[in-house]
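Novice: I need the structure of the sequence given here:
(one chain, ligands or ions: 1)
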Amino acid sequence: MLQDIVQAGLDRPILSIGVISVCYWVVLYHFTGETRKLQHVPTLGHQAPFLSVISAIYFVLNGQKTIAAGLKKWPNSVFKVSDITNWLLLTGNPKIVEEIRKAPENVLSSMIAIDESLQVNYTLGENVSSKPYHIPIVRAQLTRALPELVPEVIDEIQQAFGDVIPPTEDWTSVKVLDNTMKIVSRASNRIFVGLPLCRNPDYLKLNIQFTIDVVQTGAILRITPVFLRPILNYLISNVPDRIKAGMKHLVPLIQARRAANESHAAKPVDMLTWLMDGADEEESSDRNLTLRMMTINFAAIHTSSTTFAHTLYYLATYPKYLRPLREEIEDALSEEGWSKAGLDRMVSLDSFIKEVQRLRPLGCLGMTRVAVRDHKFSDGTFVPRGTTVGVAIEAAHMNSAVYEDPETFDPFRFVKMKERDTSKKFDIVSTSCDSLVFGHGIHACPGRYFAASELKLMLAHLVVNYDVRLENEGVRPADMWVATSRVPNPTAEVLFRKRKVA
Ligand code: HEM
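Specialist: The predicted structure is shown next:
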């Protein structure tokens with residue numbers, strides 16, 4: 001009944017909430033002294049009350065252009081942009097990036113930044129940040145098990161490619177993003193939950209949709225005044241329904257695992273086993289285990305799929321690189337087979353993906369942190385408590401002092417850099433102030449070792465089994481931007497056929 005009344009009047013309340021939101025944030029940031037504290041930081045766009053909202057809207061619509069303009073104007077200092085709810089301090093200066101990396105959680109908090117941007121308390125639930133027990137599992141247990149898991153992942157990749165992109169004699173056009181997402185979710189879930197659930201189309205679709213719902217709900221709630229968030233969340237969020245749907249798939253499996261544990265059967269080596277072993281009493285409930293598994297899917301699927309889609313666009317734009325990659329992969333396979341040791345020998349393949357990530361990171365903003373207390377960077381920039389800081393990734397990835405001819409796609413760049421400078425690491429999993437796609441420092445992506453193996457296995461399988469090219473030869477499909485996030489072209493197609501060329 002209540003829901004019906006609310007639903008009937010939903011359009012108008014949403015407009016009202018929009019107006020209230022703008023006023024709320026303007027008052028909070030301009031008339032309570034918050035803006036004055038940041039007067040000393042150069043501003044991109046407008047700083048005055050209400051006009052700053054126009055700049056904020058421009059930033060949401062043109063995140064990349066705004067940050068690029070800031071970098072051009074202030075390449076070595078900190079600048080600020082209005083982000084509706086707050087001022088965002090940005091920098092491309094490697095010295096300050098290093099300071100952000102080193103700052104402890106009680107000074108610049110990554111957890112608060114994630115909570116804020118995804119509105120974790122409403123979407124994934126507060127326990128995901130207050131009890132992040134999945135992070136050491138992903139970082140340590142999953143990474144340690146990789147040698148054992150690689151044969152399973154490649155088995156799933158081979159079958160998934162066969163189902164999603166069956167090799168054909170003639171060129172066949174394939175829509176890239178949707179299909180890479182299907183392959184990545186299957187391959188990842190093979191070691192998250194195992195067979196047969198990792199092939200269940202409903203379960204896979206649900207996890208893909210869950211990510212979209214969490215991000216959308218989080219974005220809307222973030223710009224809503226704090227006091228209105230609970231009611232708006234109740235009105236708009238699909239997340240609780242998705243979790244219920246997830247339980248239908250996962251609870252029977254969880255219960256079967258519990259029964260098997262009681263009879264001391266051998267435990268499968270997978271994420272569900274590690275989660276069930278690592279969860280405290282509260283986190284061991286059916287709902288919380290389901291939510292944790294969906295949270296790991298959230299972190300893993302879109303990130304890896306978009307990276308793979310970009311990689312595929314580059315390979316199809318420059319099919320001349322198929323041959324050197326094939327030589328390297330076939331050499332490694334003849335010595336080591338499909339194994340972690342084999343993957344470690346595929347250094348050009350590693351460099352190819354890392355170069356794609358350098359040019360096409362997930363977005364233009366990284367390492368966001370919220371100041372837990374007043375802080376000062378070494379260049380004198382004062383960061384008041386509550387302010388969000390972040391790194392303009394382009395400054396690092398396009399730094400010509402580090403990357404020769406940075407605009408050029410040079411797929412074997414990192415192999416050459418390794419030969420020139422053996423003191424530094426240039427593997428896909430290595431992070432540095434010049435390589436920020438996985439973040440950098442204590443919060444750098446814990447899943448990057450798994451992601452790198454999975455991406456390398458998918459690309460190696462594709463390279464040895466298919467020829468690829470673009471209909472429009474040499475013209476890489478353009479990216480799409482959603483605020484500061486980069487999305488590989490969602491509609492572009494690549495031509496595939498069974499490998500004919502040596
Ligand atoms: C190409 C694929 C991936 C990319 C580009 C990526 C990127 C990132 C980035 C940029 C962060 C935030 C780092 C920071 O704030 O400094 C992150 C965090 C995280 N990633 Fe990944 N990721 C990928 C794949 C994965 C996979 C496969 C998993 C799980 C198996 C995973 C699990 C996580 C988790 C749990 C966090 C949160 C860590 C924390 O808060 O300390 N990621 N990832």
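Novice: Let me see the ranges of the helices in the stretch 401-502 of the chain.
Specialist: For the stretch 401-502 of the chain, applying DSSP state H, counting those that start in this stretch gives helices covering 413-420, 448-465.
Novice: Get me the contact residues on the stretch 1-150 of the chain for the ligand.
Specialist: For the stretch 1-150 of the chain, the contact set with the ligand under Cβ under 6 Å from any ligand atom comprises 110, 135, 138. Just so you know, the C-beta spots here come from the backbone N, C-alpha and C atoms, and that holds for glycine as well.
Novice: The last one: what's it in contact with?
Specialist: Contacts were defined as Cβ atoms under 8 Å, 6 or more residues apart in numbering; by that measure V138 touches 296, 299, 446-447, 450.
Novice: Which strand or helix spans the spatially most central residue of the chain?
Specialist: In the chain, the centroid-proximal residue (Cα atoms, centre = their mean) is T303; its distance is 3.7 Å. Using DSSP states H and E, the element containing T303 is helix 286-317.
Novice: Is any residue of that helix near the ligand?
Specialist: Yes - Helix 286-317 lies within reach of the ligand by Cβ under 6 Å from any ligand atom, at 296, 299-300, 303-304, 307.
Novice: Would you convert those residues into JSON lines that also reports pLDDT?
Specialist: Listed next are the residues of helix 286-317 next to the ligand as JSON lines, based on pLDDT from 0 to 100:
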{"residue": "I296", "pLDDT": "98"}
{"residue": "A299", "pLDDT": "98"}
{"residue": "A300", "pLDDT": "98"}
{"residue": "T303", "pLDDT": "98"}
{"residue": "S304", "pLDDT": "98"}
{"residue": "T307", "pLDDT": "98"}
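Novice: Please tabulate those in TSV, including the columns distance to L146.
Specialist: Shown next, in TSV, are the residues of helix 286-317 next to the ligand (distance: Cβ to Cβ, whole Å):
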residue	distance to L146
I296	16
A299	17
A300	14
T303	18
S304	15
T307	18
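Novice: Max pairwise distance over the residues you listed: which two?
Specialist: Longest distance between any two of the residues of helix 286-317 next to the ligand is 16.9 Å, between I296 and T307; criterion Cβ to Cβ.
Novice: who's in contact with the residue nearest to the centre of the chain?
Specialist: Taking Cβ under 8 Å, 6+ apart as the test, what T303 contacts is 362, 445, 451.
Novice: Helices of the stretch 51-200 of the chain, start to end?
Specialist: 51-61, 63-73, 94-102, 110-118, 126-130, 134-136, 143-144, 146-164, 176-192.
Novice: hmm, back to that, compare neighbour counts for I296 and T307 and give me the winner.
Specialist: Comparing I296 with T307 by other Cβ atoms under 10 Å, the one with more neighbours is T307, at 25 against 22.
Novice: I'd say the more buried one and R358 touch.
Specialist: No - using Cβ atoms under 8 Å, T307 is not in contact with R358, being 11.5 Å away.
Novice: ok now stretch 321-330, how far from the chain's centre?
Specialist: From the chain centre to the centre of stretch 321-330 is a distance of 28 Å (Cα atoms, centre = their mean, to the nearest Å).
Novice: cool, and stretch 252-269?
Specialist: Distance, centroid of stretch 252-269 to centroid of chain: 31 Å (Cα atoms, centre = their mean).
Novice: give me the number of residues near the nearest residue to W338 once chain neighbours are set aside?
Specialist: With Cβ to Cβ, 6 or more residues apart in numbering as the criterion, W338 has its nearest non-adjacent residue at 4.4 Å, and that residue is I154. I154: 23 surrounding residues under other Cβ under 10 Å.
Novice: my guess is I154 meets L457, correct?
Specialist: Yes - taking Cβ under 8 Å as the definition, I154 is a contact partner of L457 at 5.1 Å.
Novice: which outside residues touch stretch 420-429?
Specialist: Residues contacting stretch 420-429 (Cβ under 8 Å, 6+ apart): 350-351, 353-354, 357, 414-415, 417-418, 432, 438, 448-449, 452, 455-456.
Novice: Can you select the buried ones among those for me in PyMOL?
Specialist: To isolate the buried ones among those in PyMOL, judged by 16 or more other Cβ atoms under 10 Å, type:
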select buried, resi 350+351+353+354+357+414+415+417+418+432+438+448+449+452+455+456
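Novice: Contacting the ligand as well, which ones from the contacts of stretch 420-429?
Specialist: The overlap between the contacts of stretch 420-429 and the neighbours of the ligand (Cβ under 6 Å from any ligand atom) comes to F438.
Novice: thought R413 was touching S351?
Specialist: Yes - here R413 reaches S351: they are 6.3 Å apart, a contact under Cβ under 8 Å.
Novice: quick one: contacts for S237?
Specialist: Going by Cβ under 8 Å, 6+ apart, S237 touches 122-123, 213, 217.
Novice: ok so, going back, with mean pLDDT as new columns, can the helices of the stretch 401-502 of the chain be given to me in a markdown table?
Specialist: What follows is these, written out as a markdown table (pLDDT from 0 to 100):
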| stretch | mean pLDDT |
| --- | --- |
| helix 413-420 | 96 |
| helix 448-465 | 98 |
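Novice: So which of those helices is nearest K500?
Specialist: The nearest among these, by Cβ to Cβ, is helix 448-465 at 11.1 Å.
Novice: Name the residues of the closest one that come out as buried.
Specialist: Buried, per 16+ other Cβ under 10 Å, within helix 448-465: 448-463.
Novice: Kindly indicate which of the residues you listed lies nearest A316.
Specialist: Out of those, the member with the shortest distance to A316 (by Cβ to Cβ) is L462, at 10.3 Å.
Novice: just to revisit the earlier point, shared neighbours of I154 and L457, which are they?
Specialist: W338.
Novice: now do the same end-to-end measure for stretch 130-146.
Specialist: 28 Å (Cα to Cα, to the nearest Å).
Novice: same question, stretch 315-326
Specialist: 12 Å.
Novice: Would you pull up how far it lies from the middle of the chain?
Specialist: Worked out by Cα atoms, centre = their mean, stretch 315-326 lies 26 Å from the chain centre.
Novice: now that stretch: mean pLDDT?
Specialist: Averaged across stretch 315-326, pLDDT comes to 98.
Novice: now stretch 280-291
Specialist: So the average pLDDT for stretch 280-291 ends up being 98.
Novice: Tell me which residues of it come out buried.
Specialist: By neighbour count with 16+ other Cβ under 10 Å, stretch 280-291 contains the buried residues 283, 288-291.
Novice: List the contacts of the residue nearest to W338.
Specialist: 338, 457, 461.
Novice: Please name the residues that touch A444.
Specialist: Residues near A444 by Cβ under 8 Å, 6+ apart: 431, 438.
Novice: Check which element follows the helix or strand harbouring S21 along the chain.
Specialist: Here S21 sits within helix 11-30, counting by DSSP H and E. Next helix or strand after helix 11-30 toward the C-terminus (DSSP H and E): helix 34-37.
Novice: pLDDT of that next one, averaged?
Specialist: Helix 34-37 comes out with an average pLDDT of 77.
Novice: tell me which residues of it are tucked away?
Specialist: 34-35, 37.
Novice: Nearest to the ligand among those?
Specialist: Minimum distance to the ligand across those is 23.9 Å, recorded for E34 (Cβ to the nearest ligand atom).
Novice: Verify the contact between Q141 and W274 for me.
Specialist: Yes - counting by Cβ under 8 Å, Q141 does reach W274; the two are 4.9 Å apart.
Novice: Who has more neighbours out of the two?
Specialist: Using other Cβ under 10 Å, the more surrounded residue of Q141 and W274 is W274, with 21 against 16.
Novice: helices or strands next to whichever helix or strand that one is part of in the packing?
Specialist: Element membership of W274, judged by DSSP H and E, is helix 271-278. Helix 271-278 is packed against helix 176-192, helix 239-262, helix 286-317, with contacts defined by 3 or more Cβ pairs under 8 Å, 6 or more residues apart in numbering; DSSP states H and E.
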